[in-house]
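1. what's the 3D shape of this:
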Amino acid sequence: MSTAYVALGANEGGRLENLEEAVRLISEIGEIHALSPIYETEPVGYAEQPWFLNAVVSVDTELSPVALLIALQEVECRLGKATAFTNGPRTIDLDILLYDNLVETAVDLTLPHPRVHERRFVLAPLADIAPDVTHPTQHATVTQLLAGLDDDSEVLRWAGTSRVFPDHHRRTEIRS
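-> Sure, this is the predicted structure:
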């Protein structure tokens, strides 16, 4: 059994419903061990689009990294993912951030995710569920990576309610 950390993001359609359905479908792939709160985040790369809802899930799986990637792409397809261009709006986006302590490059998959350590919208929710996990190539914990991040993008704990995600008591800005 392996542990994978998967980032979820959505900024089109029913953002919350897309994240909740993605979690349900991921639970069919493996056992969900932990689920972060939801964050509302400004777009990175292409700013002229709606803000995202982001979260991270920890899933225990018997699938290989590539098989997990294929399964997550099937979830995206079922939820109607269509991206007109890189970093553009999307109904759902699922990315494998970490898979155990594996460092691997395949045709369609790089582990750990090549930009996980550079993105506040990923590190903030990841720190909620895996603060002491060490990034296998950066040799720092998720908490350390978040604290040292040079990224001033807005990442706010989402104030809405969800049937699936942990409660959100207040909207707070996450900056180090």
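2. give the contact list for residue 35.
-> 23, 55, 56, 57, 58, 129, 164, 165, 166 (Cβ atoms under 8 Å, 6 or more residues apart in numbering). Bear in mind the C-beta positions are built from the backbone N, C-alpha and C, glycine included.
3. Near the residue nearest to the first one when sequence neighbours are not counted, how many other residues are there?
-> What that stands for is residue 23. Once flanking residues are discounted, residue 23 sits nearest to residue 164: 5.2 Å by Cβ to Cβ, 6 or more residues apart in numbering. The number of residues packed near residue 164 is 18, by other Cβ atoms under 10 Å.
4. Hmm, residue 20 and residue 164 touching each other?
-> Yes - Residue 164 is within contact range of residue 20, at 4.5 Å (criterion: Cβ atoms under 8 Å).
5. Using a markdown table, lay out the contacts of residue 35 together with secondary structure and pLDDT.
-> What follows is the contacts of residue 35, written out as a markdown table (DSSP: H, G, I helix; E, B strand; the rest coil; pLDDT from 0 to 100):
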| residue | secondary structure | pLDDT |
| --- | --- | --- |
| 23 | helix | 96 |
| 55 | strand | 97 |
| 56 | strand | 97 |
| 57 | strand | 97 |
| 58 | strand | 97 |
| 129 | helix | 95 |
| 164 | coil | 85 |
| 165 | coil | 84 |
| 166 | coil | 75 |
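6. Buried subset of those, written for PyMOL?
-> Remark: buried members of these, expressed as a PyMOL selection using 16 or more other Cβ atoms under 10 Å:
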select buried, resi 23+55+56+57+58+129+164+165
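7. tell me which of the contacts of residue 35 is nearest to residue 64?
-> For those, the residue nearest residue 64 by Cβ to Cβ is residue 58; the value is 17.5 Å.
8. Can you name the residues that contact the closest one?
-> 3, 4, 5, 6, 32, 33, 34, 35, 129, 130.
9. any chance you could map the helices in this protein?
-> Ranges of helices within the chain are 15-26, 65-78, 120-129, 142-147, based on DSSP state H.
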